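*Asks:* here is the input, now give the coordinates:
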Amino acid sequence: MPAEKARLEDDRLGRAEWRRWGAYLSDRQWGTVREDYSADGSAWEHFPHDHARSRAYRWGEDGIGGFCDSDQTLCLALALWNGADPILKERLFGLTNSQGNHGEDVKELYWFEDALPSGAYQRMLYKYPQRAFPYEELVRANAARSKLEPEFEVVDTGIFDDSRYFDVSIEWAKSAPDDILMRVTVTNRGPDPAAIHVLPHVWYRNTWSWDRGAHRPSLAASGTDSVDVSHPALPPLRVTFDGSPQLLFCDNDTNVERLYAQPRSGAYFKDGINDAVVHGHADAVNHARIGTRMAAHYSATVPAGGSVTFRLRMRPADGRAAKAGATPPAAPAPGPFADFDGVFAARRAEADEFYAALQQGVDQREARDVQRAAWAARRRRRRRRARRAGCRLRACRVHARARGPAAGRWCRAGEGVVPTRTRTARLRVCVS
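*Replies:* Next comes the predicted model:
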């Protein structure tokens, strides 16, 4: 049986939770009805893009090329800075419904290029300008156009002229269901060397500010290159960063000083990493190297036409990865990056194998690539919809066979014996 089909079968039968971690992180959480607590239901104005870097979300998180568990307890995503932007590029920028001459619209260039259903391999491409991102120009130019005129897009600003931009390839792979690898490759498409700051982020969704007495988890530095994950809903995990980045820590809490003119009182807010990197405010991050949000800060100068690669790995803190059907867990790996490139090569080969079987009869290479990328984007959207409903990404087989409103519902994972008209079977059952 092909490797990907075997993973899906293991997940379906409950032998291994291959879909526990995946691309469930939203591209945009700001300006949504999920975060709207306004008196008049004006979601866009209640939570604008300008608040997103400083204000804690309640019901979800967002990021570029993000990965998280199916309950969005722990999130990983990428942030970038070209040295010219007024803020870190932590999330996609777009216009609100009232700002766009054709309504809401994202103003970025990005593609979801590949994805396996189990999440064992994912890849996306983001194009990041080397000049300052034209936030204000995009708002102003679109506001000046009528609905009968075309939209003013990011390429119309000239920001990508002379190919002065970076291709940022974000890849994820799994060595095991709970062994997650991230590889970021930055390629300079411009004619001159260019500086780039790359900041892989790790953080918890804020679940502690809304309920008095709720547990506050922690991310704590372990040595110079690792962070220990401590959360009651997760097993002990460790995130290790390749090389020697600067580890920066703050908390995923609202910056009440910036947004509401309240005293800081010694707190380290959500935008602490942004303020430390972009504005040089060293006191915005916790030098005790502990918090609920952190980033590994890399900086590099990329030669014209050249590439640099950054790597991280998250796995059980004892170095043991739970292989499918293996009890007890497999022996510790020799090091977090010893087999890193080999895992990516294997997963890409398995993705080729999986899609080759689905694309039999599609002769043109370009047509196969387009279809494969479309499947990748579709899987990301479906997973995010499932997570926003508070559910794991697996269908309840009882509901899948049902008719009417229950048909095709996504359901939480739960083992149980469920009677049907034809048989009684051990199934993943709906508990929502």
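*Asks:* now do the contacts for M1.
*Replies:* Remark: with contacts taken as C-beta atoms under 8 Å, 6 or more residues apart in numbering, M1 is in contact with E9. For glycine as for every other residue, the C-beta is placed from the backbone atoms N, C-alpha and C.
*Asks:* host element of the residue nearest the centre of the chain?
*Replies:* Centroid check for the chain by C-alpha atoms, centre = their mean gives G66 as the closest residue, at 0.9 Å. Secondary structure from DSSP states H and E places G66 in strand 64-69.
*Asks:* mind listing residues that contact the helix or strand just after that strand?
*Replies:* Following strand 64-69 in sequence order, the next helix or strand is strand 74-81 (DSSP H and E). With contact meaning C-beta under 8 Å, 6+ apart, strand 74-81 is reached by 25, 61-68, 88-90, 128, 166, 168, 170, 180, 182, 184, 196-205, 229, 231, 234, 237, 239, 273, 277-278, 295, 312, 314.
*Asks:* after strand 74-81, which helix or strand is next?
*Replies:* That would be, after strand 74-81 and using DSSP H and E, strand 94-95.
*Asks:* what about that next one, average pLDDT?
*Replies:* The average pLDDT within strand 94-95 is 96.
*Asks:* let me see the ranges of the helices in this structure.
*Replies:* Listed in chain order, the helices of the chain (DSSP state H) span 3-12, 43-46, 49-52, 135-143, 256-260, 272-278, 340-358, 365-388, 397-401.
*Asks:* now do the second one: everything it contacts.
*Replies:* So that's helix 43-46. Contacts with helix 43-46, where a contact means C-beta under 8 Å, 6+ apart, come from G31, T32, V33, E35, D36, Y37, S38, T96, N97, S98, E104.
*Asks:* nearest to F354 among these?
*Replies:* Checking the contacts of helix 43-46 against F354 by C-beta to C-beta gives T32 as the nearest, at 32.9 Å.
*Asks:* which one is the closest one nearest to, not counting chain neighbours?
*Replies:* A43 (6.1 Å; C-beta to C-beta, 6 or more residues apart in numbering).
*Asks:* burial count for that neighbour?
*Replies:* Neighbourhood size, A43 [other C-beta atoms under 10 Å]: 19.
*Asks:* and the strands in the stretch 101-250 of the chain, which stretches?
*Replies:* For the stretch 101-250 of the chain, the strands defined by DSSP state E, counting those that start in this stretch cover 105-106, 110-115, 121-129, 165-176, 179-188, 194-204, 218-222, 226-230, 237-241, 246-250.
*Asks:* quick check: F47 touching T32?
*Replies:* Yes. Taking C-beta atoms under 8 Å as the definition, F47 is a contact partner of T32 at 7.5 Å.
*Asks:* list the contacts of A317.
*Replies:* D228, V229, P235, P236, L237, R238.
*Asks:* out of the strands of the stretch 101-250 of the chain, nearest to A3?
*Replies:* strand 121-129 (10.4 Å).
*Asks:* partner strands of that closest one, parallel or antiparallel?
*Replies:* Strand pairing for strand 121-129, using DSSP bridges, gives strand 110-115 (antiparallel), strand 165-176 (antiparallel).
*Asks:* and the angle for that strand with helix 3-12?
*Replies:* On the basis of axes from the mean of the first three to the mean of the last three C-alpha atoms, to 10 degrees, strand 121-129 is oriented at 110 degrees to helix 3-12.
*Asks:* C-alpha coordinates for strand 121-129, PDB please?
*Replies:* Extracted in PDB, the C-alpha atoms of strand 121-129 (Å, rounded to 0.1, in the frame of the first residue of the first chain):
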ATOM      1  CA  TYR A 121       3.800  17.200   3.500                       C
ATOM      2  CA  GLN A 122       2.700  20.800   2.800                       C
ATOM      3  CA  ARG A 123       4.300  23.500   0.700                       C
ATOM      4  CA  MET A 124       3.400  27.100  -0.100                       C
ATOM      5  CA  LEU A 125       5.100  30.000  -1.800                       C
ATOM      6  CA  TYR A 126       5.000  33.700  -0.600                       C
ATOM      7  CA  LYS A 127       6.500  36.600  -2.500                       C
ATOM      8  CA  TYR A 128       7.800  39.200  -0.100                       C
ATOM      9  CA  PRO A 129       8.900  42.600  -1.500                       C
END
